[in-house]
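[1] what shape does this take:
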Amino acid sequence: MGRLFGWLAGLVGIAALARVLARRRRRRDAPAVTPPVVEPDPAGELRRRLDETREETAASYEHEPEPAAAEAPTETLDERRARVHTKAQEAIEAMQDPPQ
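    Below you'll find the model as predicted:
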């Protein structure tokens, strides 16, 4: 039993030494840590351009005269409903009567 314990302890010790040496080798072979390259933020660039466009548009509207008041619709709501209803009825009849 003593020999088995000795062999087992020796194997555990060798495995631990191998791990320590592997860690040292990885640290030595690892490339130096460089700061990441910061690329320009495309969303920030688009926001900046959008703000500039909005400012230009707002400035151009300040100098333009106001458009004339929109004309009132010529037909009332009931007239429009009747016109649309008639048009829908014609479409339904056209679909029900197949062409001959």
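[2] what's the residue closest to the geometric middle of the chain?
    For the chain, the residue nearest the mean C-alpha position is Ala43 (10.3 Å; CA atoms, centre = their mean).
[3] show me where pLDDT drops low in this structure?
    30, 32, 62-73, 98-100 (pLDDT under 70).
[4] sorry, back to before: which element follows the helix or strand the residue nearest to the centre of the chain falls within toward the C-terminus?
    Ala43 is located in helix 42-63, with elements delineated by DSSP states H and E. Once the chain leaves helix 42-63, the next helix or strand it forms, by DSSP H and E, is helix 77-96.
[5] what comes up buried for that following helix?
    Within helix 77-96, no residue is scored as buried using 16 or more other CB atoms under 10 Å. The C-beta positions use only the backbone N, C-alpha and C, and glycine is treated the same way.
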